[in-house]
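In: sequence and predicted model, in that order:
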Amino acid sequence: MPGITTTSTAPVRRRVGVVVLPGFSLLAEACATEPLAVANRLAGTSLYSLVTLGLDGRPVPSGSSQVLNPDRAIADDDAFDLLLVCAPWGEPPKAALVAWLHRLVAQGRSLAGVGGGAELLANAGLLDGYRATVPWPRFEAVAGAHPGIRLSRQLFDSDRDRLTCGGGTAAMDMMMTLIASHHGSELAERVSAHFVLERVRMADEPQPDSPLAGAPQSLVDAVALMEANIE
């Protein structure tokens with residue numbers, strides 16, 4: 001998965017693509033990208049190079065009607081170590097986007113679905129055989145449509161070269177956990193302190209409004225274990 005820690009004295013630099021689709025959550029996109037930008041500043045070097053992409057390179061309106069200007073169109077670039085997909089819930093993937101994503105997978109790229117982007121990856125057939133999570137209001141719909149995905153109700157999930165999260169601020173926890181796996185927990189803790197966070201939430205914590213929210217930790221652990229081992 002993209003979280004393999006390097007033992008080299010020189011930090012590994014990773015190129016991260018960020019695909020934004022009309023109606024995407026500006027909050028989730030910022031929670032996924034800001035920790036990487038802050039990690040760069042705190043480390044004093046470019047650990048992560050961010051490139052924003054749209055379907056055609058034109059300005060992309062978010063769900064709050066604020067507009068993001070992509071650096072380029074998806075067809076113009078594919079050299080990424082990790083690709084973040086930010087989309088609204090229930091977004092049917094365009095054929096050109098699906099073909100491009102499958103090409104990236106064939107090249108060995110890692111994919112991350114942020115909020116509705118996780119469902120988009122599922123609809124593109126890119127989460128079958130993986131453990132993943134989606135925003136809790138979409139859990140039943142995605143579970144019914146994609147029985148080949150081992151869905152969990154966790155805040156975020158990591159399985160080999162796929163990362164998924166429930167959206168919103170869970171994207172920040174996911175990315176800070178990724179930073180820790182890439183560059184150590186000390187840097188991740190400094191990033192967390194920068195955002196005045198009390199702590200980084202763990203992946204196996206349930207989404208706040210899921211049926212497991214507020215349940216005893218022993219029950220949460222038991223359900224997580226079952227969901228990860230459905231067979």
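Out: Received it, and whenever you're ready, just let me know what you need. Bear in mind the structure is a predicted one, so any value in this text is a computation, not a measurement. Numbers count the residues shown, from 1 in each chain.

In: now do the longest helix anywhere in the chain, average pLDDT.
Out: Looking across the chain with DSSP state H, the single longest helix is helix 26-43. What helix 26-43 shows for mean pLDDT is 96.

In: need the strands for this protein, in chain order.
Out: Shown for the chain, the strands assigned by DSSP state E span residues 14-20, 48-54, 60-61, 67-68, 72-73, 82-87, 110-115, 131-133, 150-152, 156-159, 162-165.

In: quick one: these as CSV, columns for mean neighbour count, mean pLDDT and distance to residue 35 too.
Out: C-beta coordinates here come from the backbone N, C-alpha and C atoms, glycine included. Formatted as CSV, the strands of the chain follow (neighbours: other C-beta atoms under 10 Å; pLDDT from 0 to 100; distance: least, C-beta to C-beta, whole Å):
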stretch, mean neighbour count, mean pLDDT, distance to residue 35
strand 14-20, 23, 96, 11
strand 48-54, 19, 96, 9
strand 60-61, 18, 96, 21
strand 67-68, 14, 95, 18
strand 72-73, 14, 94, 23
strand 82-87, 27, 96, 12
strand 110-115, 28, 94, 12
strand 131-133, 26, 95, 19
strand 150-152, 23, 92, 22
strand 156-159, 25, 94, 13
strand 162-165, 30, 96, 12
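
In: those into CSV, with extra columns for distance to residue 123?
Out: Output for the strands of the chain, formatted as CSV (distance: least, C-beta to C-beta, whole Å):
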stretch, distance to residue 123
strand 14-20, 14
strand 48-54, 19
strand 60-61, 19
strand 67-68, 22
strand 72-73, 21
strand 82-87, 10
strand 110-115, 10
strand 131-133, 12
strand 150-152, 14
strand 156-159, 17
strand 162-165, 13
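
In: closest to residue 185 out of the ones you listed?
Out: strand 156-159 (15.7 Å; C-beta to C-beta).

In: helices or strands up against the closest one?
Out: On a contact count with 3 or more C-beta pairs under 8 Å, 6 or more residues apart in numbering; DSSP states H and E, strand 156-159 meets strand 131-133, strand 162-165, helix 170-183.

In: now for the strands of the chain, which one comes closest to residue 180?
Out: The minimum distance between residue 180 and the strands of the chain falls on strand 156-159, with 11.8 Å, by C-beta to C-beta.

In: and for the residue nearest to residue 155 when sequence neighbours are not counted, the neighbour number?
Out: Excluding its sequence neighbours, the residue lying closest to residue 155 (C-beta to C-beta, 6 or more residues apart in numbering) is residue 170, at 4.4 Å. Neighbours of residue 170 under the rule other C-beta atoms under 10 Å: 26.

In: might you report the residue contacts of residue 170?
Out: By C-beta atoms under 8 Å, 6 or more residues apart in numbering, residue 170 lies in contact with 31, 155, 156, 201, 207.

In: the strands of the chain: which one's closest to residue 36?
Out: When the strands of the chain are ranked by proximity to residue 36 (C-beta to C-beta), strand 48-54 comes first, at 4.1 Å.

In: low-confidence ranges, the chain, go.
Out: 1-9, 202-204, 206-231 (pLDDT under 70).

In: can you rerun that using 90?
Out: Within the chain, the segments meeting pLDDT under 90 span 1-12, 57, 76-78, 89-93, 115, 136-137, 153-155, 166-169, 196-231.

In: for residue 41, find the nearest of the strands of the chain.
Out: Closest of the strands of the chain to residue 41 is strand 48-54, at 10.9 Å (criterion: C-beta to C-beta).

In: run the chain-centre distance for that closest one.
Out: Taking C-alpha atoms, centre = their mean, to the nearest Å, the mean C-alpha location of strand 48-54 is offset from the chain mean by 14 Å.
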